[in-house]
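Q: pasting a predicted model and its sequence here:
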There are 2 protein chains.
Amino acid sequence: MASSSSLSISQAIVAGALNHRGSTNSSDRLPLRSFTIPTFSGLKSTTSAASCPSRLGSARRRLCRRLAVQAASVETLEKTETTLIEKSVNTIRFLAVDSVEKANSGHPGLPMGCAPMGHVLYDEFMKFNPKNPYWFNRDRFVLSAGHGCMLQYALLHLAGYDSVREEDLKSFRQWGSTTPGHPENFETPGVEVTTGPLGQGIANAVGLALAERHLAARFNKPDNEIVDHYTYVILGDGCQMEGVAHEACSLAGHWGLGKLIALYDDNHISIDGDTEIAFTENVDLRFEALGWHVIWVKNGNTGYDEIRAAIKEAKTVKDKPTLIKVTTTIGYGSPNKSNSYSVHGSALGPKELDATRKNLRWPYEPFHVPEDVKKHWSRHVPEGAALEAEWNAQFAEYERKYKEEAAVLKSLINGELPAGWEKALPTYTPESPAEATRNSSQQCLNALANVLPGLLGGSADLASSNLSVMKQFGNFQKGTPEERNVRFGVREHGMGAICNGIVLHCPGLIPYCATFFVFTDYLRPAMRISALCEAGVIYVMTHDSIGLGEDGPTHQPIEHLASFRAMPNILMLRPADGTETAAAYKIAVLNRKRPSVLALGRRDVSQLRGTSIEGVEKGGYIVTDNSSGNKPDVILIGTGSELEIAAKAADELRKEGKAVRVVSLVCWALFDEQSDAYKESVLPAAVSARVSVEAASTFGWEKFVGSKGKSIGIDRFGASAPALKLYKELGVTAEAVIAAAKSIC
Amino acid sequence: MASSSSLSISQAIVAGALNHRGSTNSSDRLPLRSFTIPTFSGLKSTTSAASCPSRLGSARRRLCRRLAVQAASVETLEKTETTLIEKSVNTIRFLAVDSVEKANSGHPGLPMGCAPMGHVLYDEFMKFNPKNPYWFNRDRFVLSAGHGCMLQYALLHLAGYDSVREEDLKSFRQWGSTTPGHPENFETPGVEVTTGPLGQGIANAVGLALAERHLAARFNKPDNEIVDHYTYVILGDGCQMEGVAHEACSLAGHWGLGKLIALYDDNHISIDGDTEIAFTENVDLRFEALGWHVIWVKNGNTGYDEIRAAIKEAKTVKDKPTLIKVTTTIGYGSPNKSNSYSVHGSALGPKELDATRKNLRWPYEPFHVPEDVKKHWSRHVPEGAALEAEWNAQFAEYERKYKEEAAVLKSLINGELPAGWEKALPTYTPESPAEATRNSSQQCLNALANVLPGLLGGSADLASSNLSVMKQFGNFQKGTPEERNVRFGVREHGMGAICNGIVLHCPGLIPYCATFFVFTDYLRPAMRISALCEAGVIYVMTHDSIGLGEDGPTHQPIEHLASFRAMPNILMLRPADGTETAAAYKIAVLNRKRPSVLALGRRDVSQLRGTSIEGVEKGGYIVTDNSSGNKPDVILIGTGSELEIAAKAADELRKEGKAVRVVSLVCWALFDEQSDAYKESVLPAAVSARVSVEAASTFGWEKFVGSKGKSIGIDRFGASAPALKLYKELGVTAEAVIAAAKSIC
């Protein structure tokens, strides 16, 4: 699976040699460059660079580093010779600050400090095709420190992406532009994931790297490594502090994701000032503890060969992810604002911008790209096209020799579902034995695993409770990356963010992840990003109410259904039985650009009369009805395990002669999308006698029960007791539904 | 500030010597014990115990540890002599498993494995008064691995707490019992915080330790260390994996919280099986990287003197928190289930319980506490009373010499607010300059800081955006723990959980914490625990809508107001101007058992005519009205920055002759609590023409606008653009309100 250097492909192509498995020595590329590259400066080995300094006391290390930074700046500014690489780096810096200045909004500090590593990465290492940002085998890049998005926009612009033209830079952070205030994959081709909320980007990158490793293990052949790319990340101090980053990095180390290379912008400034005030841990040592390879680039401001050598070294480490700590100066080049928080998140202002132009000897107008820089970068368009063509040829060869695998891989790349896949879903009748919907979910997952080659996922250490294991597969592990059960450990937030990375790797991958529904709180930030960035992750959330019983209120969701119903672009599904669970999976699989949350129960529920796949697909539908003329005396509306309660209450009321309609409102968002006529057919405006029943907050139910209706629910926290006792004590019973119905009809 | 050992107080009391600053050698206590304590076994120093093995490869370390565990078990089972300490430890084990068995629900594994460390902690180290669980100067204990709550219940029972009597153990996990399925401070005196959702407990403990350190720094005198206790934690592998634990532990290391001692139950089993499948990082090394002192107790199953020596060593380390990695066997004693996940979360079952009784040579009936064990533990009641009496005498002495400080400290301990504190809040009139509510918030915080001695807090690295610094104070740091601005770094979840610990330390501490409103997603799990465990944290959440502008949809809350309105026992407040912001602070400060979330804006808003403190206290109220007889033509309802829009729309509509009422619905939960008559006076049932306006999801508004009303809001994600452009494009304008109003009245 491990590849020779991806760069060698590019070299080989440009040199006209088509064997992509040629030389792995990237120094071979040097003749292609039109500028003078300083000779390799002899970066210290990991051991000396990272371990010795990291053993120094924190204060000493900081001081030592700061002196190095200062010395490096002075040295640069005193240089008289401006190399092309410096010119390119300064182009990136000024495209960034000019854009921020024009918008009078944004974050100039990071792009100014990270321009050197950005340049080296995009210009020298990454393989991509600017004219097809979705080419499957491209290297992935994630700017985890998303506020520095102008760095990425400047790089995409120089590299020739159509998504970021000069006019796009000039409309940075404006309505309708492709250059929003943080990187958004759904707005800007060339951006892989949506970042901004800190820490999640590196976790997305772990997901991207996991996807690559998994697909490589499944599809690569000794003579054809058809899946083969790196995942690069730039993350900052902010990301490093976030727990989600830690969770994901611990997993990346555990999984030995050798093709994940993270550049840590170690600029020791965050919004509140020097990181000394809140962040003095030894990051190098921590990453060693997590099983990463660690390299320290001491001069990230001008040490181009150090950066280059570090990335090269990282690529030689196949069994561990690499953290390259790149010490930089935030706002590098700004004489009065660099190295301070003031350059982090607002425009430099005309005066300081002028001073920065002088300081960096930049005579150009705003947004100007010097001709030699333009010319230098222009080769990425033909090179990228050649890379893709080469890969396409490689794929044709692969297809010829490995027809079956090629067909599967192609479906994953294109996101095509196999014809008739949904027929694999289990079916239920009212005679099928009662079972908890978490059990039905397990059946669905295991059935789908046989027909959906892109289905992979797992639980945050609750597999035996969530019933989320695909029994036909083993565990995705360092030694078995071809397997499809992912063991996330007790890391919910990392799990969600990793799944976002997986689904955004290629459209045919369908990740699911599982925990207790109440712990959606832990991964909610990632779920929101799923919804925003159109990542169709399937969230398998069991133990969805007080029905879990004795674990008590810390484990019993109350407000969670409402909280997701209020979130845009996410499908909150709460199926009532086996049929509805199968339907929920069908919907979740089909919605590749909208995540689905499946709230599933722990307790056995009957297979209900009247539930249907088609009904669930409409979000809400009539389950049973003994009324005529669309005029029931009362409408009972339930979801999940409480639909059974509604059905029981209906039976009783009907015995007493009432015309009762039972409605399952399994997914409010889908119901909202139906025609007015359909909605009227289910919930006729003329019938105001409506009762909802759901073992959850009644918040939001007024929309469906109206001001004259009643909602049976739980507007307090739960308690520790057996489930049935809780239902009784908290009043979520058929009796309560009947009483409520009688009071209004 | 650093004290001599707190145990010395206890010794001194029991020995009749009243000078609490006497010997610090805890071996002085030995004569008090009625059982034979093995002599100090010569635990390896931190360096040798932790650093050498931690440098071994992960697999080798695991193997080595497992062999040690196995050897330890064998050795124990072959012992013929049963010491009293073993008997006490087995009492704890069987109280736990018997309770779980009776409930047929619960987690026996942890208590069985952690009984030794639990015994040593509670019986030998911790100072507490069982008859007054709220005695201020007690040591705090947090079971971060909350599922193992039977460990704590057994210990509280043995120690003589009235909250856990035999009948309470017998009603473990039953409705109305004091022994719920996870530790809940609001149910069980003696339990400090509510745990269960993993990782948060250790973060709560960091908050408790922070509170102790802060109060000690403020109040202790060279001759009277009136604040002086330790915070102990037991956490497991699950907690270690959670990002929130990492965030909090990084801060604990940064702050050098020397009196925080965490015992890590290193049993290498989690629900999904061996931690090898998901958790292979080097924990020891990581904690060293975080600035902790690390000790490894290799035999946590029977190595009582190792455990004892480790805690003793930890207490000597004053400038760093200590992690004691205690290697144990989960379910120790169960011959067929120990060392496997099967013992984690369900009852042993009658057969295995019998086998365990035989294996541990335990001849007693369920729930039996042998007389000698009972007698041994019985001394904690008089000892605890003496400890408190001694401290009370110490406090009397303190009060005599330091009258002013004593008065303040007493108010913090009792949770009494200074008379007239609310007069310090800033006042606004319609003539006051327009300002963003985040600025009003800053004024409130700074005004309150002068009058509320318990106010402390800070931001997750957004202080300059949240405007959350109390300018009159410096930063709480290792060297300046008496200061009150806390710098949390970019660690939202850790921040929230730490604040829960602070507020639960003593009722007079009023922690606030700040970030952008959208990032409540990151700390939502801690906010839910605040609500559940009655922790009156003040959440200062700025940038509360699309009004933040260019940062874009990752930073713009949409569903967040709804999501908190649906959560029980939390006050979601969205003030509209300076007056309402001051009112929100008044409410937040007064609600010590209910957390408050203040959603605050970034953009300037006018000081509105008609806003009032009294109105806000009712949750919703009439701001302006030109109708009579409680019969307006239309009611416009707004919150936050959109109340200004409602007011503008009302002005226009009134010009056209309409009778328009403007209502501020600043806190739905408080409005719900008002009398029906009051609610009718604000929102008369007869007036169905109602329009709400809020730059957020319309979810939930049907409750107030009814089926005939209209809601102006945003049911999609935001976008990156200047704020006013966004309001216009997304249709949240006075024009839209006017049009909606006209369409229905």
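A: Happy to help now that I have it. Residues are numbered from 1 along each chain as shown, chains lettered A, B, ... in the order given.
Q: now do the contacts for the closest residue in space to A:Ile714 that isn't next to it in sequence.
A: Among residues not flanking A:Ile714 along the chain, A:Leu730 sits closest, at 5.2 Å (CB to CB, 6 or more residues apart in numbering or on different chains). Where C-beta positions appear, they are placed from N, C-alpha and C, glycine not excepted. Counting by CB atoms under 8 Å, 6 or more residues apart in numbering or on different chains, A:Leu730 makes contact with A:Ile546, A:Ala695, A:Ile714, A:Arg716, A:Gly718, A:Ala719.
Q: do that again at 10 Å, thanks
A: When contacts are counted by CB atoms under 10 Å, 6 or more residues apart in numbering or on different chains, A:Leu730 touches A:Ile546, A:Gln556, A:Ala695, A:Ile712, A:Gly713, A:Ile714, A:Asp715, A:Arg716, A:Gly718, A:Ala719, A:Ala721, A:Ala736.
Q: could you dump those residues to CSV with secondary structure and pLDDT?
A: Below are the contacts of A:Leu730 laid out as CSV (DSSP: H, G, I helix; E, B strand; the rest coil; pLDDT from 0 to 100):
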residue, secondary structure, pLDDT
A:Ile546, helix, 98
A:Gln556, coil, 98
A:Ala695, coil, 98
A:Ile712, strand, 98
A:Gly713, coil, 98
A:Ile714, coil, 98
A:Asp715, coil, 98
A:Arg716, coil, 98
A:Gly718, coil, 98
A:Ala719, coil, 98
A:Ala721, coil, 98
A:Ala736, helix, 98
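Q: next one: the residue nearest to A:Ile714, what pLDDT does it get?
A: Listed pLDDT for A:Leu730 reads 98.
Q: neighbours around A:Asp354, how many?
A: 11 (other CB atoms under 10 Å in any protein chain shown).
Q: elements contacting the host helix or strand of it?
A: Using DSSP states H and E, A:Asp354 falls within helix A:350-359. Judged by 3 or more CB pairs under 10 Å, 6 or more residues apart in numbering or on different chains; DSSP states H and E, the packing partners of helix A:350-359 are helix A:84-103.
Q: next SSE downstream of the helix it packs on?
A: In N-to-C order, the element after helix A:84-103 by DSSP H and E is helix A:109-119.
Q: give the contact list for the residue in the stretch 101-250 of chain A that chain B sits nearest to.
A: Going by CB to the nearest CB, chain B is nearest to A:Gly243 of the stretch 101-250 of chain A, at 2.1 Å. Counting by CB under 10 Å, 6+ apart, A:Gly243 touches A:199, A:491, A:493-494, A:522, B:199, B:203, B:242-248, B:250, B:490-494, B:522.
Q: which non-adjacent residue is nearest it?
A: In space, A:Gly243 is closest to B:Gly243, 2.1 Å off (CB to CB, 6+ apart).
Q: can you give me the distance of the one you found to B:Gly146?
A: Per CB to CB, to the nearest Å, B:Gly243 is found 17 Å from B:Gly146.
Q: and for A:Gly201?
A: From A:Gly201 to B:Gly146 the distance is 31 Å (CB to CB).
Q: who's more crowded, these two?
A: A:Gly201 (35 against 32).
Q: you'd agree that one is up against A:Val233?
A: Yes: counting by CB atoms under 10 Å, A:Gly201 touches A:Val233, with 6.6 Å between them.
Q: give me the common contacts of those two.
A: A:Val142, A:Leu143, A:Ser144, A:Ala145, A:Thr195, A:Cys239, A:Ala245, A:Ala262.
Q: okay, now the third one: neighbour count?
A: Which is A:Ser144. Neighbours of A:Ser144 (other CB under 10 Å): 30.
Q: list the residues that contact it.
A: A:183, A:193, A:195-196, A:198-205, A:233-236, A:238-240, A:242, A:245, A:262-265.
Q: rerun at 7 Å
A: A:Thr195, A:Gly201, A:Ile202, A:Ala205, A:Val233, A:Ile234, A:Leu235, A:Cys239 (CB atoms under 7 Å, 6 or more residues apart in numbering or on different chains).
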